[in-house]
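K.L.:
Model the structure of this input:
(one chain, ligands or ions: 1)
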Amino acid sequence: MIKLERVSKKYKNGTYALQGVSLNIKKGDFVFFVGPSGAGKSTLVKLLLKEENVTSGKIIVDKKDVTHIHNRRIPFLRRKMGVVFQDFRLLPNKTVYENVAFAMEIIEASHRDIRSQVPMILSIVGLSDKQKSYPSQLSGGEQQRVSIARAIVNNPPILIADEPTGNLDPENSWEIMKLLKSINRRGTTVIMATHDKEIVDIMKQRVVELKKGRILRDEEKGGYGYEG
Ligand SMILES: Nc1ncnc2c1ncn2[C@@H]1O[C@H](COP(=O)(O)OP(=O)(O)OP(=O)(O)O)[C@@H](O)[C@H]1O
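P.N.:
Below is the predicted model:
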């Protein structure tokens, strides 16, 4: 599903955020990216989303080489990837329903599809009774569930979550993890960058540990593996 071949990323100021990273993520995998601050996790996520370009190496998504695709092709690549961030990034002036519907409007889905799909997804994330609420009226855990609903409403094969539990208490974090795992069980490939040791240790999924821009470890059913 996603293949990285000797990917390096050097930022304009000379920082090497990634060096020679090779990785193969198969359809249906659940992968944690872990590592200390500055290890390169967010950079890896940005390269996958084409928010940044590689300095060298190759990125293949869904059998297509996307390393040097043209800017106008990027929206099509992003349709394959739902994204969830630590800070939710919901539109404050739109209701829960409208936030999720907006993701479908962008890809020009029909009104009919929107009217059937949005309530269905909101029921999957357990927010059927909050459709008319605004983000400011929701708890952090609920806001994150809206952002997950938005990320999966167009059925992307890949879901990328960058520190999705970073702003949540343990109880809400576990609700989010249950949701991500259930989405993964339905066949979606899930990639999650995290600092949450307890979650990684308990979930026992594949763990890719980065340090100073290199892969230190890639372990099936791994644990967090380092302190800090
Ligand atoms: N836009 C940028 N310009 C220059 N250097 C950057 C930029 N973004 C990140 N870096 C540097 O690249 C390295 C990797 O950063 P990155 O944000 O990918 O790490 P991270 O593992 O996600 O860290 P954290 O856990 O703190 O989010 C760091 O040394 C960082 O300072």
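K.L.:
pLDDT score for the spatially most central residue of the chain?
P.N.:
Nearest to the mean C-alpha position of the chain, by CA atoms, centre = their mean, lies residue 160 at 1.5 Å. pLDDT for residue 160: 97.
K.L.:
Quick one: name whatever helix or strand follows the host helix or strand of it.
P.N.:
Element membership for residue 160, per DSSP states H and E: strand 158-162. Next helix or strand after strand 158-162 toward the C-terminus (DSSP H and E): helix 170-185.
K.L.:
between that following helix and strand 158-162, how big is the angle?
P.N.:
Here helix 170-185 runs at an angle of 160 degrees relative to strand 158-162 (axes from the mean of the first three to the mean of the last three CA atoms, to 10 degrees).
K.L.:
Alongside the ligand, which residues does this structure contribute?
P.N.:
Within the chain, the positions adjacent to the ligand are 11, 13, 15, 17, 35, 37-43 by CB under 6 Å from any ligand atom. The way it works is simple: take the backbone N, C-alpha and C, and place the C-beta from them, glycine included.
K.L.:
So of those, which two are at opposite extremes in space?
P.N.:
13 and 35 (20.6 Å; CB to CB).
K.L.:
if we can go back for a sec, are any of the residues of the chain next to the ligand buried, and which?
P.N.:
17, 35, 39-43 (16 or more other CB atoms under 10 Å).
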